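Student: Sequence and predicted structure, then a few things I'm wondering about:
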Amino acid sequence: MQPPSSRTLYALVREQADRFPGRVAVISGGRETSYRALADAAGRVGAGLQARGIARGGRVGILIDNRLEWLEAAIGAAAAGAVAVPFSTFSKAAELAFLFADAEIDALIAADRVAGQDFASALRNLLREPGRFPRLRLLAILGAVAESGWIGYQELLAQHPSLDDDARADDDCFTLYTSGSSARPKAVRLRHGAAIENGFAIGERMRLSPDDRVLLAPPLFWSYGAVNALPATFTHGAALVLQSRFEPGEWIGLVERHRCTAAYTLPSMTGAVLRHPEFHQRRVASLRTGLMIGSAEEVRIAAEAIGAAEICNIYGATETYGNCCVTPCDWPLARRMGSQGPPLPGNALRIVDPETGAALPAGDIGLVEVTGHITPGYAGASAEHNSIAFTADGWFRTGDLGFLDHSGDFHFVGRDADVIKRAGINVSPAEVESLLLQHAGVAQAAVVGAPAGERGEAIVAFVVPQPGAALDAEALRAHCRRLASSYKVPDRFEFCTSLPVTETGKLLRRALKDRAAGGSSG
């Protein structure tokens, strides 16, 4: 597909409104919004911000769940030349206090409540102390306005839409807060032009077109949404279908009702969908493609059990605009399962020796570094990490282990800190997890290392059985021995009803490591 000419988010939406004025851009909460209507609303938000002194370089916080107004606010901030700073709607008051101060927001657009969280009350308490957030001078509330001086979201829309775009391609469009190795979340800066170019390339790997409908249940405040699903969908004139918060029964219904052709998913999501009593593949038969974060076997499950036959395997991080590698959706499934694909256009990967930093040849496992569409650096308190996050020649240090094969495809091995050192041999948790998921009785699996004295680490597998399946450790050991080398067979199995995940659905591997370290051999 021909890429859009626009290099800022607001210009992109306006360009698509001109190309596809009647096409649906967003489906949210039963509402269908055209590109023309989205451009108009975002222009009104931008004009409303500018009328209240929020202009180029300002920072606009967004505390809204997956719904149309999140997009209006983010793209409206772009129209004003400001930076959108989305906050997690799972945040508690103390976390919000840190985020507001660290981001130095000039304005906040927030929902009064999300999924039982009373943000209006939390904001009232946070703002009780005058001068606590010295730059914050505008608070627009979606819902009930609780305090004088606050305005309703509709007031922000009262201006005539701005037809000017005060942003430039190399301006920051988002600051996304992401968890990592530091005690506090890192503030990742991301730019308009790179987000659009990388998003278009991601959409091309899925072969998106204006006829596609892309379901997004993971949150927009995550890079998987803001700089991945959003630009991938909008650069192709497709429709973005939003689920406010993942729930498997509703997810199935959204695919069926709106004939969704693509989905952004995670292993925890596909597992929950498959276990739901109302799931049947015919209900989600419209699915063709999408993106999947997971092991080889989890990619197979999404392709075959869910039925998204052309699902793409991916690799990336917030710092790389969500993804820097994506498998083309028309590759044979075995090849999509076996790697995360070649780098996207505009990106390059190199693998370096962990000890010397020297570049390694194809096939050798080492630390992964990325250049191209990468963050220009961290902001706020996390800017202190900039000196170690980038090499002297400007490559981003991911902290991951992997290798490039002779075809140039990337193979993810694991986080450097997660790789299991067993009797002098490195074992990839993802590889062992894939082995376990090939057993018909295993619904989910997660593998971690635990201290084992002179042997280094033991392999501990946490397994969620399929409903009704009778599993025991010896049967799973025998299964693994049939498929792989003996050093990859888990030393211990822990059977559980679920795996711990973050509120955005990512596995809490650290919690499992703590449990494994305190467990006994068996």
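Tutor: Now that the structure is in, tell me what you want to look at. These numbers were taken from a predicted model, which means no experiment stands behind them.

Student: Provide a list of residue ranges in the protein with pLDDT below threshold.
Tutor: Filtered on pLDDT under 70, the chain yields the residue ranges 179-183, 423-424, 454, 519-522.

Student: Grab the most central residue of it for me.
Tutor: residue 224 (2.5 Å; CA atoms, centre = their mean).

Student: Assess the claim that it and residue 264 are in contact.
Tutor: Yes: between residue 224 and residue 264 a contact is recorded at 6.0 Å, counting by CB atoms under 8 Å. Placement of C-beta: from N, CA and C, glycine included.

Student: overlap in contacts of those two?
Tutor: Counting by CB atoms under 8 Å, 6 or more residues apart in numbering, the shared contacts of residue 224 and residue 264 are 218, 291.

Student: related to what we said a few turns ago, what sits against the residue nearest to the residue nearest to the centre of the chain when sequence neighbours are not counted?
Tutor: Of all residues not flanking residue 224 in the chain, residue 218 sits nearest, at 4.8 Å (CB to CB, 6 or more residues apart in numbering). When contacts are counted by CB under 8 Å, 6+ apart, residue 218 touches 224, 225, 229, 246, 264, 265, 266, 269, 504, 505.

Student: Provide the secondary structure category for residue 218.
Tutor: The three-state label for residue 218, taken from DSSP: H, G, I helix; E, B strand; the rest coil, comes out as coil.

Student: roughly how far apart are it and residue 350?
Tutor: Plainly put, residue 218 is 29 Å away from residue 350 if you go by CB to CB, to the nearest Å.

Student: Now, of the contacts of residue 218, which are buried?
Tutor: 224, 225, 229, 246, 264, 265, 266, 269, 504, 505 (16 or more other CB atoms under 10 Å).

Student: how about those in CSV, adding secondary structure and distance to residue 34?
Tutor: Listed next are the buried ones among the contacts of residue 218 as CSV, based on DSSP: H, G, I helix; E, B strand; the rest coil; distance: CB to CB, whole Å:
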residue, secondary structure, distance to residue 34
224, helix, 25
225, helix, 21
229, helix, 19
246, coil, 26
264, strand, 22
265, strand, 26
266, coil, 30
269, helix, 28
504, coil, 29
505, coil, 30
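
Student: Sort out which one of those lies nearest residue 81 for me.
Tutor: Using CB to CB, residue 225 comes nearest to residue 81 of the buried ones among the contacts of residue 218, at 22.4 Å.

Student: tell me which residues in the host helix or strand of residue 36 are buried?
Tutor: Secondary structure from DSSP states H and E places residue 36 in helix 35-51. Neighbour counts over helix 35-51 (16+ other CB under 10 Å) mark 35-50 as buried.

Student: just stretch 193-204 next, same as before
Tutor: For stretch 193-204, by 16+ other CB under 10 Å, it's 193, 194, 195, 196, 197, 198, 199, 200, 201, 202, 203, 204.

Student: Also stretch 5-22?
Tutor: 6-17, 20.

Student: to the chain's geometric centre, what's the distance from that stretch?
Tutor: Here stretch 5-22 shows a centroid-to-chain-centroid distance of 24 Å under the convention CA atoms, centre = their mean, to the nearest Å.

Student: start the count at 882, not 1, going forward
Tutor: Right, with 882 as the first residue, what we last looked at is stretch 886-903.

Student: Go ahead and name everything in contact with that stretch.
Tutor: 885, 904, 906, 915-917, 919-920, 923-924, 927, 955-957, 959-960, 1046, 1048-1050, 1052, 1054, 1073-1074, 1076-1078, 1091, 1112, 1115-1116, 1118.

Student: Okay, and residue 982 sits in which element?
Tutor: Going by DSSP H and E, residue 982 is part of helix 974-984.

Student: show me the contacts for the closest residue in space to residue 1162 that isn't next to it in sequence.
Tutor: Among residues not flanking residue 1162 along the chain, residue 1188 sits closest, at 4.8 Å (CB to CB, 6+ apart). Going by CB under 8 Å, 6+ apart, residue 1188 touches 1162, 1165, 1166, 1168.

Student: how near is the first one to residue 1135?
Tutor: Spelled out, that is residue 1162. 16 Å.

Student: With residue 1293 instead?
Tutor: In terms of CB to CB, residue 1293 sits 30 Å off from residue 1135.

Student: The closest residue to residue 1308 other than its chain neighbours: what's it in contact with?
Tutor: Once flanking residues are discounted, residue 1308 sits nearest to residue 1301: 4.3 Å by CB to CB, 6+ apart. For residue 1301, the contact set (CB under 8 Å, 6+ apart) comprises 1307, 1308, 1309, 1310, 1328, 1329, 1330, 1338, 1340.

Student: again, 6 Å this time
Tutor: 1308, 1330, 1338, 1340 (CB atoms under 6 Å, 6 or more residues apart in numbering).

Student: what's the answer for residue 1232, then?
Tutor: Counted by CB under 6 Å, 6+ apart, residue 1232 has contacts 1241, 1247, 1284, 1285.

Student: centre of the chain versus the helix or strand hosting it, how much separation?
Tutor: Assigned by DSSP H and E, residue 1232 belongs to strand 1229-1233. Offset of strand 1229-1233 from its chain centre (CA atoms, centre = their mean): 22 Å.

Student: Next secondary structure element downstream of it?
Tutor: Scanning onward from strand 1229-1233 (DSSP H and E), the first element met is strand 1247-1252.

Student: Please list the members of the buried residues of stretch 1074-1085 that lie in strands.
Tutor: Among the buried residues of stretch 1074-1085, no residue falls in strands (DSSP state E).

Student: could I get those residues as CSV with distance to residue 1009?
Tutor: Shown next, in CSV, are the buried residues of stretch 1074-1085 (distance: CB to CB, whole Å):
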residue, distance to residue 1009
1074, 41
1075, 39
1076, 36
1077, 40
1078, 44
1079, 41
1080, 40
1081, 45
1082, 47
1083, 43
1084, 45
1085, 50
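
Student: Which stretches in the stretch 1082-1231 of the chain count as helices?
Tutor: For the stretch 1082-1231 of the chain, the helices defined by DSSP state H, counting those that start in this stretch cover 1104-1105, 1111-1115, 1129-1139, 1148-1156, 1177-1181, 1214-1219.

Student: Can you tell me which of those helices is nearest to residue 1260?
Tutor: That would be helix 1104-1105 among the helices of the stretch 1082-1231 of the chain, by CB to CB, at 14.9 Å.

Student: what does the closest one rub up against?
Tutor: Outside helix 1104-1105, the residues touching it (CB under 6 Å, 6+ apart) are 1057, 1099, 1145, 1199, 1203.
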